[in-house]
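Q: kindly return the folded structure for what I paste below:
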Amino acid sequence: MSDTSASPKRGDDRAADEMRPTRFDLDPLKFADGSVLVHCGDTRVLVAATLEARVPRFLVDSGSGWATAEYAMLPRATPVRSRREVTRGRPSGRSSEIQRLIGRSLRAALDLEALGERTLILDCDVLQADGGTRTASITGAWVAAVRALARAFLAGDLDRWPVEEQIAAISVGVVDGRLLVDLDAPEDQAAGVDMNVVATDGGRFVEIQGTAEGALFSRRQLDALLDGALASIGRLCELQREVLAETLAEVDSLRGRSRRKAPPKDESSVWGAPEA
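A: Below is the predicted model:
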């Protein structure tokens with residue numbers, strides 16, 4: 001998106017191709033297998049990972065695991081209070097769609113057979129919403145998942161490291177004719193084109209959700225939006241690796257050593273030599 005980077009600054013003083021300040025606070029929750037608080041501008045998402053020794057019915061006796069997600073927004077995450085979805089008896093269509101997106105994205109990053117018959121659950125709770133809550137949830141979910149899976153792997157509960165890809169997500173769009181990266185809430189509401197992109201650190205796409213909200217867009221604009229998304233996803237992946245550096249080093253160290261099973265004990269050392 002180099003053609004827009006020299007344009008006037010946005011409302012928060014960012015360039016068109018500049019994402020919001022982003023950071024990850026690791027392990028804010030005491031009891032979760034892995035957790036992270038994602039700060040993306042004024043958006044805050046708390047993600048908790050849980051590894052359970054069970055799978056959905058369709059995977060029982062398959063030897064394969066599963067990854068799924070739940071997504072919710074606190075009532076005062078937005079300027080006007082929203083009702084808790086539990087009072088309605090079921091998630092809204094928007095929440096259901098987002099949690100399916102998070103689950104699909106995480107499954108694309110994992111070797112599910114390496115999980116064995118276990119389910120990785122990612123709980124994504126939006127504490128404050130200022131745009132990009134689904135993309136922040138996906139980016140944070142990968143961090144929380146790695147943290148939880150690393151603990152299981154280092155403890156010997158997993159025979160193989162199940163993380164095959166590093167993924168992150170970002171929003172891009174066209175607002176008043178300008179191509180922008182990482183839309184905040186006012187920009188998202190004004191966008192003529194709105195797109196969410198999930199991709200790997202190597203630049204391969206996991207999912208692209210894009211629509212013309214109020215204006216058609218060209219192939220040239222689409223290519224520029226995807227280029228901007230991939231550049232920001234690359235930066236997000238750097239931040240993920242930085243916060244997980246110690247964890248990933250421990251995993252790499254163990255993966256570099258052969259996990260030899262202890263040889264069976266000589267029964268004579270337990271029961272004594274057999275009688276002649």
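
Q: where's residue 139, which helix or strand?
A: Taking DSSP states H and E as the definition, residue 139 sits inside helix 133-154.

Q: can you give me the strands in the stretch 51-200 of the chain?
A: Taking DSSP state E, counting those that start in this stretch as the test, the strands found in the stretch 51-200 of the chain are 66-73, 119-128, 167-175, 178-181, 193-200.

Q: can you redo those as CSV with mean pLDDT and mean neighbour count?
A: C-beta coordinates here come from the backbone N, C-alpha and C atoms, glycine included. As requested, the strands of the stretch 51-200 of the chain are exported to CSV (pLDDT from 0 to 100; neighbours: other CB atoms under 10 Å):
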stretch, mean pLDDT, mean neighbour count
strand 66-73, 97, 22
strand 119-128, 98, 21
strand 167-175, 97, 27
strand 178-181, 96, 23
strand 193-200, 97, 23
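
Q: returning to what we had before: then the helix holding residue 139 to PDB, C-alphas only?
A: This file holds the C-alpha atoms of helix 133-154, laid out as PDB (Å, rounded to 0.1, in the frame of the first residue of the first chain):
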ATOM      1  CA  THR A 133     -12.000  -7.600  17.600                       C
ATOM      2  CA  ARG A 134     -12.100 -10.700  15.500                       C
ATOM      3  CA  THR A 135      -8.700 -10.200  14.000                       C
ATOM      4  CA  ALA A 136      -7.200  -9.400  17.500                       C
ATOM      5  CA  SER A 137      -8.900 -12.600  18.800                       C
ATOM      6  CA  ILE A 138      -7.300 -14.700  16.100                       C
ATOM      7  CA  THR A 139      -3.900 -13.200  16.600                       C
ATOM      8  CA  GLY A 140      -4.100 -13.600  20.400                       C
ATOM      9  CA  ALA A 141      -5.600 -17.100  20.100                       C
ATOM     10  CA  TRP A 142      -2.400 -18.300  18.300                       C
ATOM     11  CA  VAL A 143      -0.300 -17.000  21.200                       C
ATOM     12  CA  ALA A 144      -2.500 -18.500  23.900                       C
ATOM     13  CA  ALA A 145      -2.600 -21.800  22.000                       C
ATOM     14  CA  VAL A 146       1.200 -22.000  21.700                       C
ATOM     15  CA  ARG A 147       1.500 -21.300  25.400                       C
ATOM     16  CA  ALA A 148      -0.900 -24.100  26.300                       C
ATOM     17  CA  LEU A 149       0.400 -26.600  23.800                       C
ATOM     18  CA  ALA A 150       4.000 -25.900  24.900                       C
ATOM     19  CA  ARG A 151       3.200 -26.700  28.500                       C
ATOM     20  CA  ALA A 152       1.700 -30.000  27.500                       C
ATOM     21  CA  PHE A 153       4.600 -30.800  25.100                       C
ATOM     22  CA  LEU A 154       7.300 -29.900  27.700                       C
END
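
Q: distance from it to the middle of the chain?
A: Put simply, helix 133-154 sits 6 Å off its chain's centre (CA atoms, centre = their mean, to the nearest Å).
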